[in-house]
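A.B. asks: Give me coordinates for this.
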Amino acid sequence: MSTEHDDFVCGAALARAFDFLGKRWNGLILGTLFAGPSGFAELRRAVGGISDSVLAERLAELSKAGLVVRTVDPGPPLAVTYSLTPAGQALLPALRELTKWAADNLFQR
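C.D. replies: The predicted structure follows:
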């Protein structure tokens, strides 16, 4: 049984989640990183059509949100990789279900 307050909190949380994950490219970046750590160029190729500046901006946002971690290997050569944090990995079941729902319901029309 929920109260009005619980409904408000749930609604606000869901709105924040869709606001963040619905931002162009964020879902695709996260989906790419589910396969494992990637470098910047690998991410740019995997997320076709994204510019370097937008990719850098989105990676910074995802890092600030605690979903992605940037790791620098000083080399030589210097290498930067991006990977999911435990909080980012926790999104996998939800994104799998969303993907399944989209395949079942959005592409049949």
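A.B. asks: okay, CA-based contacts and neighbour counts for the rest of this
C.D. replies: Fine.
A.B. asks: Surely Gly36 touches Gly88?
C.D. replies: No: assessed by C-alpha atoms under 8 Å, Gly36 is found out of contact with Gly88, at 11.6 Å.
A.B. asks: Which residue of the two possesses the greater neighbour count?
C.D. replies: Gly88 (20 against 11; other C-alpha atoms under 10 Å).
A.B. asks: Check the secondary structure at that one for me.
C.D. replies: Three-state assignment for Gly88 (DSSP: H, G, I helix; E, B strand; the rest coil): helix.
A.B. asks: residues contacting the residue nearest to it when sequence neighbours are not counted?
C.D. replies: Nearest non-adjacent residue to Gly88, counting by C-alpha to C-alpha, 6 or more residues apart in numbering: Leu67, 4.1 Å away. Residues in contact with Leu67 (C-alpha atoms under 8 Å, 6 or more residues apart in numbering) are Leu84, Thr85, Pro86, Ala87, Gly88, Gln89.
A.B. asks: and if you look at Leu14?
C.D. replies: Neighbours of Leu14 in contact, by C-alpha under 8 Å, 6+ apart: none.
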